[in-house]
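In: Pasting the sequence and the predicted model now:
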Amino acid sequence: LFQAFARACCHLERPMVLFFDDLQWADSASISLIQLLITEPSARNLMVLGAFRDNEVSMAHPLMKSLQGIEESGVPVEHIRLDKLSVRSVATLIQDTLACSPTEAHELAKLVQAKTDGNPFFVIEFLRTLYQEAFLSFDREQGHWTWDLDRIMRSDITDNVVTLMSERMLKLPAPTQEVLHVAACIGASFDLKTLTQ
């Protein structure tokens, strides 16, 4: 069915792009399906982008075996390794997000990059925490975002992403925390009926 779908949708005039995130968590059947789609002879107008955390994937992982099989079939595979964000990249993100000047963004970016070591997920979560803790706020009268670098530096916001996320969960209402505890015991996926029992 998926092969027929790909054949129907992939045309020279209308190529198709599929993006799969977090492939390190994909099961063998899903990985096999992706490989089948990619190696399908009629998939010339199909581009598949896959993202995964290489520190969570060993050479024995089904994804790595599948990538090897795809390459052996003659389909070109391009590997792009994303490194941690530089201060400049963090500054660009801050400048775009907060609509501030490059100078303002750079000063905050140096602090954020130092706290997060440039981990893209942690950068976003750190900025979200700054906002939630009122270290970062929008001045409606002036019409722009404001922050106090000295106050942020003196804050006790952790520079560890796991601790940051744990602290955020501890601020949730007790009933919500209890549901999360139960959900964690069930596993990575479950239905609402199972959770409510």
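Out: Thanks, I have it.

In: all strands in the chain, in order from the N-terminus.
Out: Assigned by DSSP state E, the strands in the chain fall at 16-20, 46-50, 136-139, 144-147.

In: How about the contacts made by the closest residue to residue 3 other than its chain neighbours?
Out: Once its chain neighbours are removed from consideration, residue 3 has its nearest residue in residue 40; the separation is 5.5 Å (Cβ to Cβ, 6 or more residues apart in numbering). In this view, the C-beta of every residue, glycine as well, is placed from N, C-alpha and C. Applying Cβ atoms under 8 Å, 6 or more residues apart in numbering, one finds that residue 40 lies in contact with 3, 6-7, 46.

In: Off-centre distance for stretch 37-54?
Out: On the basis of Cα atoms, centre = their mean, to the nearest Å, stretch 37-54 is displaced by 20 Å from the centre of the chain it belongs to.

In: can you check stretch 136-153 too?
Out: Taking Cα atoms, centre = their mean, one finds stretch 136-153 lying 26 Å from the centre of the chain it belongs to.

In: So the residue lying farthest from the centre of the chain versus residue 131, what's the distance?
Out: In the chain, residue 141 marks the outermost C-alpha relative to the chain mean, sitting 34.1 Å out by Cα atoms, centre = their mean. Remark: distance between residue 141 and residue 131 (Cβ to Cβ, to the nearest Å) = 18 Å.

In: now do residue 99
Out: Residue 99 sits 14 Å away from residue 131, going by Cβ to Cβ.

In: Show me which of the two is the more surrounded one.
Out: Under the neighbour definition other Cβ atoms under 10 Å, residue 99 and residue 131 were set side by side, and residue 131 has more, 15 against 11.

In: Run through the residues that contact that one.
Out: When contacts are counted by Cβ under 8 Å, 6+ apart, residue 131 touches residue 137.

In: Got the confidence number for it?
Out: Looking at residue 131, its pLDDT stands at 93.

In: now residue 140
Out: With respect to pLDDT, residue 140 scores 92.

In: wait, what's in contact with residue 86?
Out: Applying Cβ under 8 Å, 6+ apart, the residues near residue 86 are 113, 118.

In: what about 6 Å?
Out: The contact partners of residue 86, by Cβ atoms under 6 Å, 6 or more residues apart in numbering, come to none.

In: Could you do residue 62 as well?
Out: When the contact criterion is Cβ under 6 Å, 6+ apart, the partners of residue 62 are 28, 31.

In: end-to-end on stretch 46-56?
Out: Using Cα to Cα, to the nearest Å, one end of stretch 46-56 lies 27 Å from the other.

In: wait, stretch 114-122
Out: Looking at stretch 114-122, the gap from its leading to its trailing residue is 11 Å under the measure Cα to Cα.

In: Averaged pLDDT, that stretch. What do you get?
Out: Taken as a whole, stretch 114-122 has a mean pLDDT of 88.
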